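Predicted model and sequence below, questions to follow.
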Amino acid sequence: MKAPAVEVCGLQVRRGRTTVFDGLDVTIAAGAITRLLGPSGCGKTTLMRSIVGVQKTAGGTVTVLGEPAGSAQLRHLVAYDTQAASVYPDLTVRQNLRYFAGVVGAPRGDIDRVIGQVSLQGQADQLVSSLSGGQENRVSLAVAMLGSPELIILDEPTVGLDPVLREELWKVFRTLAEGGATLLVSSHVMDEALRCDRLLLMRAGKLIADTTPDGLLAETGTSDPDAAFLTLIEREAAA
Ligand SMILES: Nc1ncnc2c1ncn2[C@@H]1O[C@H](COP(=O)(O)OP(=O)(O)O)[C@@H](O)[C@H]1O
Ligand SMILES: [Mg+2]
């Protein structure tokens with residue numbers, strides 16, 4: 001078996017007066033798509049920030065591809081698409097990608113590849129400020145796919161996208177995973193919960209399940225991800 005892509009041990013994070021994690025342990029398998037699911041405020045973004053190495057931590061360790069999170073060696077190996085689009089509104093789609101390709105050292109040919117992968121061929125020369133919210137999100141997703149990152153962290157990438165586009169993006173995620181990349185994809189809704197290889201369910205800063213789509217349904221005796229999540233929460237509360 002391959003070494004895990006990410007190992008989080010005893011992670012402690014406080015943000016403001018909130019203790020977000022008080023000793024969180026999480027392992028993320030390499031070469032798979034892991035879905036990080038849980039209600040708003042449960043700590044998904046904080047966990048992603050900790051893995052990228054931009055979150056101040058109060059204890060524990062986060063090891064990414066064998067290195068401490070945030071190490072210089074990881075800079076070109078880890079891609080992160082934040083929840084809020086983080087591209088330049090006063091540049092076109094293509095100009096943004098050209099700029100970020102330079103930053104991560106991606107080849108020129110990558111720009112057209114990623115524009116195609118997020119279906120923005122028709123908007124390539126449009127200013128980002130003139131795009132819809134969903135299109136703007138896709139630009140930052142395209143940025144995360146530049147180069148050949150080994151670990152791709154996407155914070156709620158399909159929120160606000162129509163079903164056809166979501167379908168297309170899942171195909172892209174699958175292709176990236178088949179090419180050997182590890183994907184961590186968060187969502188606060190359970191839809192698409194069954195489209196991944198691994199499922200991490202979080203609630204209030206705690207991991208309440210580390211399973212597979214089939215495992216989730218089998219363990220909870222339901223065919224509906226929402227019902228499964230509620231069952232797990234009830235079990236946790238009763239324990
Ligand atoms: N900048 C911040 N200052 C103080 N508390 C924060 C900050 N950002 C997030 N939090 C708190 O940390 C917890 C986890 O937030 P977050 O990781 O963003 O959750 P999620 O991504 O699952 O919605 C929440 O209770 C949130 O209110
Ligand atoms: Mg979040």
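Cool, the structure landed. This is a predicted model, so every value here is computed, not measured. Numbers count the residues shown, from 1 in each chain. Ligands and ions are numbered 1, 2, ... in the order given.

who's in contact with stretch 157-164?
If you take Cβ atoms under 8 Å, 6 or more residues apart in numbering as the criterion, stretch 157-164 is touched by 81, 133-134, 137-138, 141, 165-166, 169-170, 185, 187, 192. From N, CA and C alone the C-beta is placed, and that goes for glycine too.

close to ligand 2, is that stretch?
No - using Cβ under 5 Å from the ion, stretch 157-164 stays clear of ligand 2, coming no nearer than 9.9 Å.

Stretch 192-206 now?
No - contact of stretch 192-206 with ligand 2 (Cβ under 5 Å from the ion) is absent, the minimum separation being 10.8 Å.

Identify the spatial nearest neighbour of residue 54, chain neighbours not counted.
In space, and not counting its chain neighbours, residue 54 is closest to residue 70: 7.0 Å by Cβ to Cβ, 6 or more residues apart in numbering.

Can you give me the neighbour number for the one you found?
Residue 70 has 17 neighbours, counted by other Cβ atoms under 10 Å.

Same check on residue 85?
Residue 85 has 19 neighbours, counted by other Cβ under 10 Å.

does it sit in a helix, a strand or a coil?
coil (DSSP: H, G, I helix; E, B strand; the rest coil).

OK, contacts around it?
Contacts here follow Cβ under 8 Å, 6+ apart; on that basis residue 85 touches 133, 136, 137, 139, 140.

how close does it get to residue 159?
11 Å (Cβ to Cβ, to the nearest Å).

now do residue 173
Distance from residue 173 to residue 159, counting by Cβ to Cβ: 15 Å.

for residue 218, same thing?
Separation of residue 218 from residue 159 (Cβ to Cβ): 28 Å.

Which residue of those two possesses the greater neighbour count?
More neighbours surround residue 159 than the other of residue 218 and residue 159, with 15 against 12 (other Cβ under 10 Å).

Now for residue 59, how many residues are close by?
Using other Cβ under 10 Å, residue 59 has 13 other residues around it.

quick one, what contacts it?
10, 11, 12, 23.

The helix or strand harbouring the second one and ligand 1 in contact?
Here residue 11 is covered by strand 6-15, with elements defined by DSSP states H and E. Yes - using Cβ under 6 Å from any ligand atom, strand 6-15 comes into contact with ligand 1 via residue 15.

Pull the next helix-or-strand element following that strand out as PDB, backbone CA atoms only.
Counting by DSSP H and E, the next helix or strand C-terminal to strand 6-15 is strand 18-28. What follows is strand 18-28, C-alpha atoms only, in PDB (Å, rounded to 0.1, in the frame of the first residue of the first chain):
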ATOM      1  CA  THR A  18     -13.100  29.200  19.200                       C
ATOM      2  CA  THR A  19     -11.300  25.900  19.700                       C
ATOM      3  CA  VAL A  20     -11.800  24.400  16.200                       C
ATOM      4  CA  PHE A  21      -9.700  21.200  16.700                       C
ATOM      5  CA  ASP A  22      -8.700  19.700  20.000                       C
ATOM      6  CA  GLY A  23      -6.600  16.700  19.000                       C
ATOM      7  CA  LEU A  24      -7.800  15.800  15.500                       C
ATOM      8  CA  ASP A  25      -6.400  12.700  13.800                       C
ATOM      9  CA  VAL A  26      -7.000  12.300  10.000                       C
ATOM     10  CA  THR A  27      -5.300  10.200   7.300                       C
ATOM     11  CA  ILE A  28      -5.800  10.900   3.600                       C
END
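
Could you pick out the residues of this protein near ligand 2 for me?
44, 45, 83.

beta partners for the spatially closest residue to the first one that is not a sequence neighbour?
Read that as residue 44. Closest residue in space to residue 44, ignoring its immediate chain neighbours: residue 186 at 4.3 Å, by Cβ to Cβ, 6+ apart. Counting by DSSP bridges, residue 186 forms beta bridges with residue 36.
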